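>>> have a look; sequence and predicted model below, questions after that.
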Amino acid sequence: MTFYDKLGKKCREQLNFEPCRTLLRLAKSAELDMTDAKFAEMMDDSDELKNLRGEFFYPKMKDLPQGKVNLSSRHQGVHGHFCGALPWWKIEDFVLSESARIVGAKDIEVAIMNSLTVNLHLLLVPFYRPTPQRHKILIEAKAFPSDHYAVQSQISFHGYNPAEALMEATPREGEELLRTDDILSLIEEHGESIALVMFSGVQYYSGQFFDIKRITASAQKKGCVVGWDLAHAVGNVELKLHDWNVDFACWCSYKYLNSGPGGIAGAFVHEKHAYNFDLPKFAGWWGHDRTSRFEMGHEFKPLPGAAAYQLSNPPLLQTVSLLGSLNIFAKTSMKNLRAKSDLLSAYLELLLLHHFGVPQDDDKTPTKRQKVENGFAEDKKNIHVSIITPVNPAERGCQLSVKFSVPIKSVHKELEKRGVVVDTREPDVMRIAPTPLYNSFTDVHRFATSLKEVFRVLDSFESE
(Lines give C-alpha, C1' and ligand atoms only; values in the text may rest on other atoms or scores of the structure.)
Protein backbone atom coordinates (compact mmCIF):
# COMPACT_ATOMS: atom_id res chain seq x y z
CA MET A 1 0.00 0.00 0.00
CA THR A 2 1.46 3.32 -1.04
CA PHE A 3 1.64 6.43 1.16
CA TYR A 4 -1.23 7.97 -0.71
CA ASP A 5 -3.36 4.85 -0.30
CA LYS A 6 -2.82 4.99 3.47
CA LEU A 7 -3.55 8.70 3.45
CA GLY A 8 -6.77 8.07 1.58
CA LYS A 9 -7.89 5.53 4.15
CA LYS A 10 -7.05 7.56 7.26
CA CYS A 11 -7.85 11.04 6.02
CA ARG A 12 -10.77 10.49 3.67
CA GLU A 13 -12.92 13.20 5.32
CA GLN A 14 -10.10 15.74 5.47
CA LEU A 15 -9.29 15.25 1.80
CA ASN A 16 -12.74 16.55 0.94
CA PHE A 17 -11.51 20.04 1.83
CA GLU A 18 -9.27 22.30 -0.18
CA PRO A 19 -6.30 22.81 2.21
CA CYS A 20 -5.57 19.11 2.37
CA ARG A 21 -6.15 18.74 -1.34
CA THR A 22 -3.67 21.54 -2.01
CA LEU A 23 -1.00 19.88 0.12
CA LEU A 24 -1.58 16.58 -1.58
CA ARG A 25 -1.38 18.20 -4.99
CA LEU A 26 1.89 19.99 -4.17
CA ALA A 27 3.44 16.84 -2.75
CA LYS A 28 2.59 14.84 -5.84
CA SER A 29 3.84 17.61 -8.11
CA ALA A 30 7.18 17.66 -6.29
CA GLU A 31 7.26 13.88 -6.12
CA LEU A 32 7.72 14.09 -2.35
CA ASP A 33 6.19 12.21 0.52
CA MET A 34 4.37 14.65 2.80
CA THR A 35 6.03 13.04 5.81
CA ASP A 36 9.45 13.84 4.35
CA ALA A 37 11.27 16.82 5.92
CA LYS A 38 12.12 18.03 2.44
CA PHE A 39 8.44 18.67 1.81
CA ALA A 40 8.26 20.91 4.88
CA GLU A 41 11.40 22.74 3.76
CA MET A 42 9.87 23.26 0.34
CA MET A 43 6.74 24.73 1.90
CA ASP A 44 8.81 27.08 4.10
CA ASP A 45 10.85 28.26 1.12
CA SER A 46 7.71 29.19 -0.79
CA ASP A 47 6.00 30.84 2.20
CA GLU A 48 5.39 34.53 1.40
CA LEU A 49 5.08 35.35 5.12
CA LYS A 50 8.23 33.61 6.29
CA ASN A 51 9.96 36.85 7.22
CA LEU A 52 7.39 37.45 9.97
CA ARG A 53 8.90 34.59 11.93
CA GLY A 54 11.87 36.75 12.72
CA GLU A 55 9.61 39.05 14.75
CA PHE A 56 9.17 36.40 17.44
CA PHE A 57 11.27 34.45 19.91
CA TYR A 58 11.04 30.69 19.94
CA PRO A 59 12.04 28.45 22.84
CA LYS A 60 15.13 26.26 22.56
CA MET A 61 15.37 22.86 24.13
CA LYS A 62 18.11 24.00 26.50
CA ASP A 63 15.82 26.73 27.80
CA LEU A 64 12.74 24.64 28.44
CA PRO A 65 11.96 24.35 32.17
CA GLN A 66 13.46 21.28 33.79
CA GLY A 67 13.35 22.27 37.40
CA LYS A 68 14.46 25.82 36.59
CA VAL A 69 11.97 28.62 37.16
CA ASN A 70 13.90 31.85 36.58
CA LEU A 71 13.93 31.75 32.80
CA SER A 72 12.85 34.53 30.48
CA SER A 73 9.46 33.97 28.88
CA ARG A 74 11.04 34.60 25.51
CA HIS A 75 12.70 31.19 25.86
CA GLN A 76 9.82 29.27 27.41
CA GLY A 77 7.02 29.38 24.88
CA VAL A 78 3.84 27.81 26.22
CA HIS A 79 5.65 26.71 29.39
CA GLY A 80 5.44 30.34 30.51
CA HIS A 81 1.92 29.59 31.69
CA PHE A 82 3.21 27.86 34.80
CA CYS A 83 6.96 28.52 34.98
CA GLY A 84 9.29 31.46 35.24
CA ALA A 85 9.38 34.54 37.41
CA LEU A 86 5.95 35.72 36.23
CA PRO A 87 3.80 32.66 35.44
CA TRP A 88 1.01 33.70 33.11
CA TRP A 89 -1.70 31.71 34.84
CA LYS A 90 -1.44 34.05 37.82
CA ILE A 91 0.02 37.13 36.15
CA GLU A 92 -2.61 39.32 37.79
CA ASP A 93 -1.15 38.48 41.21
CA PHE A 94 1.92 40.57 40.46
CA VAL A 95 -0.09 43.76 40.00
CA LEU A 96 -2.74 43.10 42.63
CA SER A 97 -1.24 44.24 45.93
CA GLU A 98 0.25 47.48 44.65
CA SER A 99 -3.00 48.32 42.84
CA ALA A 100 -4.89 47.66 46.06
CA ARG A 101 -2.51 49.90 48.00
CA ILE A 102 -2.98 52.76 45.55
CA VAL A 103 -6.78 52.68 45.86
CA GLY A 104 -6.82 52.01 49.61
CA ALA A 105 -8.21 48.49 49.42
CA LYS A 106 -7.51 44.94 50.52
CA ASP A 107 -6.22 42.44 47.98
CA ILE A 108 -9.47 40.48 48.09
CA GLU A 109 -11.34 43.62 47.01
CA VAL A 110 -9.41 44.21 43.78
CA ALA A 111 -9.27 42.52 40.38
CA ILE A 112 -7.12 43.62 37.45
CA MET A 113 -8.99 42.83 34.26
CA ASN A 114 -10.63 44.05 31.05
CA SER A 115 -11.22 47.74 30.35
CA LEU A 116 -13.07 50.29 32.45
CA THR A 117 -16.45 50.24 30.71
CA VAL A 118 -16.41 46.44 30.46
CA ASN A 119 -15.81 46.25 34.20
CA LEU A 120 -18.52 48.81 34.81
CA HIS A 121 -21.06 46.69 32.95
CA LEU A 122 -19.93 43.55 34.79
CA LEU A 123 -20.35 45.22 38.18
CA LEU A 124 -23.70 46.73 37.30
CA VAL A 125 -25.02 43.17 37.04
CA PRO A 126 -24.90 42.65 40.83
CA PHE A 127 -25.08 46.29 41.91
CA TYR A 128 -27.83 47.76 39.74
CA ARG A 129 -30.90 45.70 40.58
CA PRO A 130 -33.82 48.03 39.91
CA THR A 131 -37.35 47.66 41.21
CA PRO A 132 -40.47 49.65 40.29
CA GLN A 133 -40.05 51.65 43.49
CA ARG A 134 -36.25 52.09 43.28
CA HIS A 135 -34.75 52.12 39.79
CA LYS A 136 -33.11 55.52 39.27
CA ILE A 137 -29.39 56.14 38.77
CA LEU A 138 -27.79 59.41 39.89
CA ILE A 139 -24.67 60.62 38.07
CA GLU A 140 -23.00 63.99 37.49
CA ALA A 141 -24.32 65.84 34.45
CA LYS A 142 -20.98 65.97 32.64
CA ALA A 143 -19.87 62.44 33.42
CA PHE A 144 -17.53 60.85 30.89
CA PRO A 145 -19.63 59.85 27.83
CA SER A 146 -18.90 56.14 28.24
CA ASP A 147 -20.39 56.25 31.73
CA HIS A 148 -23.51 57.88 30.32
CA TYR A 149 -23.80 55.25 27.61
CA ALA A 150 -23.27 52.43 30.09
CA VAL A 151 -25.90 53.47 32.61
CA GLN A 152 -28.40 54.46 29.91
CA SER A 153 -28.06 51.05 28.30
CA GLN A 154 -28.37 49.29 31.66
CA ILE A 155 -31.53 51.22 32.45
CA SER A 156 -33.00 50.33 29.06
CA PHE A 157 -31.92 46.70 29.43
CA HIS A 158 -33.94 46.45 32.63
CA GLY A 159 -37.01 47.84 30.90
CA TYR A 160 -36.97 51.41 32.21
CA ASN A 161 -36.82 54.74 30.40
CA PRO A 162 -33.49 56.60 30.74
CA ALA A 163 -35.29 59.91 30.32
CA GLU A 164 -37.10 59.19 33.58
CA ALA A 165 -34.71 56.91 35.43
CA LEU A 166 -31.41 58.74 34.85
CA MET A 167 -30.91 61.66 37.24
CA GLU A 168 -28.13 64.16 36.58
CA ALA A 169 -26.63 66.40 39.24
CA THR A 170 -25.93 69.81 37.69
CA PRO A 171 -24.02 72.85 38.99
CA ARG A 172 -25.92 75.92 40.05
CA GLU A 173 -26.58 78.52 37.40
CA GLY A 174 -23.44 80.46 36.59
CA GLU A 175 -21.14 77.91 38.24
CA GLU A 176 -18.87 75.24 36.79
CA LEU A 177 -18.61 72.89 39.76
CA LEU A 178 -20.96 70.71 41.75
CA ARG A 179 -21.31 71.60 45.41
CA THR A 180 -21.14 68.63 47.74
CA ASP A 181 -24.07 69.94 49.76
CA ASP A 182 -26.21 70.08 46.61
CA ILE A 183 -25.35 66.46 45.81
CA LEU A 184 -26.24 65.41 49.34
CA SER A 185 -29.53 67.32 49.13
CA LEU A 186 -30.44 65.49 45.92
CA ILE A 187 -29.75 62.17 47.60
CA GLU A 188 -31.74 63.13 50.67
CA GLU A 189 -34.72 64.25 48.59
CA HIS A 190 -34.81 61.41 46.05
CA GLY A 191 -32.92 58.63 47.81
CA GLU A 192 -35.88 56.27 48.20
CA SER A 193 -36.21 56.07 44.40
CA ILE A 194 -32.49 55.86 43.63
CA ALA A 195 -31.03 52.38 43.14
CA LEU A 196 -27.49 53.51 42.33
CA VAL A 197 -25.37 56.60 42.88
CA MET A 198 -22.37 56.60 40.56
CA PHE A 199 -20.00 59.54 40.23
CA SER A 200 -16.48 60.10 38.97
CA GLY A 201 -13.83 60.24 41.67
CA VAL A 202 -12.14 63.10 39.84
CA GLN A 203 -14.32 64.72 37.18
CA TYR A 204 -12.58 64.33 33.83
CA TYR A 205 -13.56 67.78 32.50
CA SER A 206 -13.36 70.09 35.49
CA GLY A 207 -10.81 68.19 37.57
CA GLN A 208 -13.08 68.34 40.64
CA PHE A 209 -12.30 65.67 43.26
CA PHE A 210 -15.63 64.67 44.76
CA ASP A 211 -16.03 63.95 48.46
CA ILE A 212 -16.24 60.18 48.06
CA LYS A 213 -16.55 59.48 51.77
CA ARG A 214 -19.47 61.85 52.44
CA ILE A 215 -21.38 61.06 49.25
CA THR A 216 -21.02 57.31 49.81
CA ALA A 217 -22.19 57.51 53.41
CA SER A 218 -25.14 59.75 52.55
CA ALA A 219 -26.33 57.54 49.71
CA GLN A 220 -25.97 54.29 51.63
CA LYS A 221 -27.92 55.80 54.51
CA LYS A 222 -30.83 56.17 52.07
CA GLY A 223 -30.45 52.57 50.91
CA CYS A 224 -28.62 53.30 47.64
CA VAL A 225 -25.72 51.31 46.22
CA VAL A 226 -22.68 53.50 45.51
CA GLY A 227 -20.10 53.06 42.75
CA TRP A 228 -17.27 55.24 41.48
CA ASP A 229 -15.47 55.73 38.18
CA LEU A 230 -11.88 56.37 39.25
CA ALA A 231 -10.31 56.83 35.82
CA HIS A 232 -8.89 60.24 36.72
CA ALA A 233 -8.46 59.54 40.43
CA VAL A 234 -6.34 56.38 40.61
CA GLY A 235 -2.67 57.26 40.92
CA ASN A 236 -3.63 60.93 41.20
CA VAL A 237 -5.29 61.38 44.60
CA GLU A 238 -5.29 59.45 47.85
CA LEU A 239 -8.10 56.90 47.95
CA LYS A 240 -9.42 54.82 50.84
CA LEU A 241 -12.09 52.73 49.18
CA HIS A 242 -12.26 50.13 51.93
CA ASP A 243 -12.44 52.64 54.77
CA TRP A 244 -14.98 54.75 52.89
CA ASN A 245 -17.21 51.66 52.52
CA VAL A 246 -17.59 52.09 48.74
CA ASP A 247 -19.65 49.27 47.24
CA PHE A 248 -17.77 49.07 43.95
CA ALA A 249 -15.44 51.06 41.73
CA CYS A 250 -13.73 50.81 38.35
CA TRP A 251 -10.66 52.46 36.88
CA CYS A 252 -8.39 52.36 33.87
CA SER A 253 -4.59 52.40 33.95
CA TYR A 254 -3.59 54.45 30.94
CA LYS A 255 -3.62 57.87 32.60
CA TYR A 256 -1.84 58.32 35.91
CA LEU A 257 -0.88 54.64 36.05
CA ASN A 258 1.08 55.14 32.82
CA SER A 259 0.02 52.02 30.92
CA GLY A 260 -1.07 53.73 27.71
CA PRO A 261 -4.37 53.66 25.78
CA GLY A 262 -6.12 50.33 26.08
CA GLY A 263 -4.12 49.41 29.18
CA ILE A 264 -5.66 46.86 31.49
CA ALA A 265 -8.23 48.18 33.97
CA GLY A 266 -9.11 47.52 37.59
CA ALA A 267 -12.21 46.80 39.64
CA PHE A 268 -13.03 47.08 43.33
CA VAL A 269 -15.74 45.22 45.23
CA HIS A 270 -15.92 45.89 48.95
CA GLU A 271 -15.01 43.06 51.30
CA LYS A 272 -18.52 43.12 52.76
CA HIS A 273 -19.69 41.59 49.45
CA ALA A 274 -16.78 39.15 49.12
CA TYR A 275 -18.59 36.02 50.28
CA ASN A 276 -22.06 36.87 49.06
CA PHE A 277 -22.09 34.25 46.33
CA ASP A 278 -25.79 34.86 45.75
CA LEU A 279 -25.06 38.16 44.01
CA PRO A 280 -25.80 37.72 40.30
CA LYS A 281 -22.82 37.90 37.98
CA PHE A 282 -21.71 37.07 34.46
CA ALA A 283 -19.23 34.25 35.00
CA GLY A 284 -16.08 33.12 33.22
CA TRP A 285 -13.45 30.54 34.00
CA TRP A 286 -10.94 33.03 35.43
CA GLY A 287 -13.39 33.81 38.20
CA HIS A 288 -13.55 30.11 39.10
CA ASP A 289 -11.78 28.67 42.14
CA ARG A 290 -8.09 28.31 41.32
CA THR A 291 -7.66 24.90 42.87
CA SER A 292 -10.01 23.33 40.34
CA ARG A 293 -9.94 25.81 37.45
CA PHE A 294 -7.87 23.59 35.18
CA GLU A 295 -9.92 20.50 35.93
CA MET A 296 -12.33 21.90 33.34
CA GLY A 297 -15.50 21.18 35.27
CA HIS A 298 -18.81 22.80 34.39
CA GLU A 299 -19.98 23.79 37.88
CA PHE A 300 -18.92 27.37 38.54
CA LYS A 301 -17.24 27.82 41.94
CA PRO A 302 -16.56 31.54 42.29
CA LEU A 303 -13.50 32.92 43.98
CA PRO A 304 -14.26 35.23 46.90
CA GLY A 305 -14.17 38.96 46.35
CA ALA A 306 -13.56 40.95 43.20
CA ALA A 307 -11.73 38.02 41.58
CA ALA A 308 -15.07 36.25 41.04
CA TYR A 309 -15.92 38.81 38.35
CA GLN A 310 -12.94 37.88 36.17
CA LEU A 311 -13.88 36.30 32.86
CA SER A 312 -10.69 35.38 31.02
CA ASN A 313 -6.99 35.25 31.78
CA PRO A 314 -5.60 38.80 31.69
CA PRO A 315 -3.64 39.91 28.61
CA LEU A 316 0.01 39.34 29.44
CA LEU A 317 1.52 42.34 27.69
CA GLN A 318 -0.99 44.80 29.14
CA THR A 319 -0.46 43.39 32.61
CA VAL A 320 3.33 43.63 32.56
CA SER A 321 3.01 47.14 31.15
CA LEU A 322 1.06 48.03 34.26
CA LEU A 323 3.58 46.16 36.42
CA GLY A 324 6.40 48.35 35.15
CA SER A 325 4.52 51.44 36.28
CA LEU A 326 3.46 49.97 39.62
CA ASN A 327 7.09 49.13 40.40
CA ILE A 328 7.75 52.87 40.31
CA PHE A 329 4.74 53.65 42.51
CA ALA A 330 6.05 51.07 44.99
CA LYS A 331 9.11 53.25 45.57
CA THR A 332 7.02 55.96 47.21
CA SER A 333 3.54 56.54 48.64
CA MET A 334 0.42 58.28 47.45
CA LYS A 335 0.77 60.61 50.42
CA ASN A 336 4.21 61.73 49.25
CA LEU A 337 3.08 62.00 45.65
CA ARG A 338 0.12 64.12 46.67
CA ALA A 339 2.35 66.41 48.70
CA LYS A 340 4.47 67.17 45.64
CA SER A 341 1.41 67.28 43.40
CA ASP A 342 -0.24 69.94 45.54
CA LEU A 343 2.86 72.09 45.22
CA LEU A 344 3.21 71.59 41.49
CA SER A 345 -0.43 72.42 40.78
CA ALA A 346 -0.36 75.39 43.11
CA TYR A 347 2.76 76.70 41.37
CA LEU A 348 1.08 76.31 38.00
CA GLU A 349 -2.07 77.98 39.33
CA LEU A 350 -0.15 80.95 40.66
CA LEU A 351 1.81 81.49 37.48
CA LEU A 352 -1.31 81.26 35.34
CA LEU A 353 -3.29 83.69 37.47
CA HIS A 354 -0.36 86.05 37.92
CA HIS A 355 0.30 86.37 34.21
CA PHE A 356 -3.14 85.86 32.73
CA GLY A 357 -5.80 85.90 35.44
CA VAL A 358 -8.96 87.96 35.55
CA PRO A 359 -9.18 90.36 38.53
CA GLN A 360 -11.12 88.63 41.29
CA ASP A 361 -14.12 90.12 43.03
CA ASP A 362 -13.99 89.20 46.72
CA ASP A 363 -17.78 89.40 46.92
CA LYS A 364 -18.18 86.43 44.59
CA THR A 365 -17.80 82.79 45.46
CA PRO A 366 -14.56 81.08 44.36
CA THR A 367 -16.62 78.99 41.95
CA LYS A 368 -18.04 82.05 40.21
CA ARG A 369 -14.98 84.24 40.18
CA GLN A 370 -12.89 81.56 38.47
CA LYS A 371 -15.25 81.41 35.52
CA VAL A 372 -14.80 83.02 32.12
CA GLU A 373 -18.23 82.98 30.51
CA ASN A 374 -18.18 80.76 27.42
CA GLY A 375 -14.40 80.86 27.42
CA PHE A 376 -14.15 84.61 26.98
CA ALA A 377 -13.24 87.26 29.53
CA GLU A 378 -15.28 90.42 29.89
CA ASP A 379 -12.12 92.48 29.34
CA LYS A 380 -11.41 92.01 25.63
CA LYS A 381 -8.29 94.26 25.67
CA ASN A 382 -6.00 91.52 26.97
CA ILE A 383 -5.93 87.75 26.75
CA HIS A 384 -7.06 86.06 29.95
CA VAL A 385 -7.42 82.59 31.37
CA SER A 386 -9.70 81.20 34.03
CA ILE A 387 -9.31 77.99 36.02
CA ILE A 388 -12.53 76.07 36.55
CA THR A 389 -10.95 73.42 38.80
CA PRO A 390 -11.62 73.92 42.54
CA VAL A 391 -9.28 76.28 44.34
CA ASN A 392 -9.13 74.03 47.40
CA PRO A 393 -6.33 71.45 46.85
CA ALA A 394 -8.37 68.90 48.81
CA GLU A 395 -11.03 69.12 46.09
CA ARG A 396 -8.79 68.42 43.10
CA GLY A 397 -5.96 66.23 41.86
CA CYS A 398 -3.02 67.47 39.82
CA GLN A 399 -5.19 68.58 36.88
CA LEU A 400 -6.11 72.20 36.33
CA SER A 401 -8.81 72.77 33.73
CA VAL A 402 -8.25 76.09 32.03
CA LYS A 403 -10.38 78.24 29.74
CA PHE A 404 -9.03 80.99 27.50
CA SER A 405 -10.39 84.27 26.17
CA VAL A 406 -9.15 83.25 22.73
CA PRO A 407 -10.00 80.14 20.71
CA ILE A 408 -8.53 77.13 22.47
CA LYS A 409 -7.49 75.46 19.23
CA SER A 410 -5.24 78.41 18.44
CA VAL A 411 -3.58 78.13 21.85
CA HIS A 412 -3.13 74.39 21.47
CA LYS A 413 -1.63 74.74 18.00
CA GLU A 414 0.90 77.35 19.12
CA LEU A 415 1.89 75.31 22.17
CA GLU A 416 2.52 72.26 20.00
CA LYS A 417 4.84 74.34 17.82
CA ARG A 418 6.91 74.87 20.96
CA GLY A 419 6.97 71.21 21.90
CA VAL A 420 4.44 71.59 24.72
CA VAL A 421 2.07 68.63 25.00
CA VAL A 422 -1.25 69.30 26.71
CA ASP A 423 -4.75 67.92 26.38
CA THR A 424 -7.92 69.69 25.28
CA ARG A 425 -11.53 68.67 25.73
CA GLU A 426 -14.53 70.03 23.88
CA PRO A 427 -15.94 72.55 23.99
CA ASP A 428 -13.35 74.89 25.49
CA VAL A 429 -11.12 73.39 28.20
CA MET A 430 -7.41 72.66 28.28
CA ARG A 431 -6.40 70.11 30.90
CA ILE A 432 -2.96 70.84 32.33
CA ALA A 433 -1.75 68.16 34.72
CA PRO A 434 1.77 68.40 36.18
CA THR A 435 2.25 64.84 37.38
CA PRO A 436 4.52 64.31 40.39
CA LEU A 437 6.11 61.10 39.17
CA TYR A 438 7.87 62.75 36.24
CA ASN A 439 7.11 66.48 36.06
CA SER A 440 9.25 69.14 37.74
CA PHE A 441 8.74 72.67 38.80
CA THR A 442 10.99 73.71 35.94
CA ASP A 443 8.50 72.01 33.63
CA VAL A 444 5.73 74.14 35.10
CA HIS A 445 7.77 77.29 34.67
CA ARG A 446 8.64 76.44 31.11
CA PHE A 447 4.98 75.86 30.39
CA ALA A 448 4.00 79.26 31.73
CA THR A 449 6.80 80.88 29.74
CA SER A 450 5.68 79.12 26.58
CA LEU A 451 2.11 80.22 27.20
CA LYS A 452 3.27 83.82 27.48
CA GLU A 453 4.98 83.50 24.11
CA VAL A 454 1.83 81.98 22.64
CA PHE A 455 -0.33 84.80 23.94
CA ARG A 456 2.04 87.41 22.52
CA VAL A 457 1.71 85.78 19.11
CA LEU A 458 -2.07 85.49 19.34
CA ASP A 459 -2.42 89.02 20.69
CA SER A 460 -0.47 90.37 17.73
CA PHE A 461 -2.83 88.51 15.41
CA GLU A 462 -5.82 90.00 17.24
CA SER A 463 -4.36 93.52 16.89
CA GLU A 464 -3.80 93.27 13.16
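Perfect, thanks for sending it. Numbers count the residues shown, from 1 in each chain.

>>> contacting residues around the residue nearest to the spatial centre of the chain?
With distances taken as CA atoms, centre = their mean, Cys252 lies nearest the centre of the chain, 1.3 Å away. Residues in contact with Cys252 (CB atoms under 8 Å, 6 or more residues apart in numbering) are 115-116, 231, 234, 263, 265-266. For the C-beta atoms, the positions are set from N, CA and C on the backbone; glycine is no exception.

>>> hey, which helix or strand in this structure has the poorest pLDDT?
helix 366-369 (a mean of 43; mean pLDDT, DSSP states H and E).

>>> circling back: who wins for neighbours among the contacts of Cys252?
Gly266 (29 neighbours; other CB atoms under 10 Å).

>>> related to what we said a few turns ago, from Ser325, how far out is the residue nearest to the centre of the chain?
12 Å (CB to CB, to the nearest Å).

>>> please state the backbone phi and psi of the closest residue to Ile91 other than its chain neighbours?
Among residues not flanking Ile91 along the chain, Thr319 sits closest, at 4.9 Å (CB to CB, 6 or more residues apart in numbering). Here is the backbone geometry of Thr319 (degrees, to the nearest 10): phi -70, psi -40.

>>> might one say that Thr319 is in contact with Leu96?
No - counting by CB atoms under 8 Å, Thr319 sits too far from Leu96 to count as a contact (10.3 Å).

>>> got any residues that touch both of the two?
What both Thr319 and Leu96 touch, as defined by CB under 8 Å, 6+ apart, is the set Ile112.

>>> so for His79, what's the pLDDT?
His79 is assigned 54 on the pLDDT scale.

>>> so for the helix or strand where Leu337 lies, mean pLDDT?
Leu337 belongs to helix 334-356 when assigned by DSSP states H and E. For helix 334-356, mean pLDDT rounds to 90.

>>> buried residues in it?
Under the neighbour-count criterion of 16 or more other CB atoms under 10 Å, helix 334-356 has 334, 337-338, 340-342, 344-345, 348-349, 351-353, 356 buried.

>>> re the thing from before, ok, the closest residue to the residue nearest to the centre of the chain other than its chain neighbours to Leu178 distance?
Leaving aside its sequence neighbours, Cys252 sits nearest to Leu116 (CB to CB, 6+ apart; 4.3 Å). According to CB to CB, Leu116 stands 21 Å off from Leu178.

>>> which residues are contacting the longest strand along the chain?
Of all the segments of type strand in the chain, defined by DSSP state E, the longest one is strand 194-200. Applying CB under 8 Å, 6+ apart, the set of residues contacting strand 194-200 from outside is 124, 127-131, 134-140, 143-144, 147, 151, 167, 169, 183, 187, 210, 215-216, 219, 222, 224-233.

>>> again, only this time at 6 Å
128, 130, 134-140, 210, 219, 224-227, 229 (CB atoms under 6 Å, 6 or more residues apart in numbering).

>>> got it, and stretch 137-149?
117, 151, 166-170, 194, 196-199, 204-205, 229.
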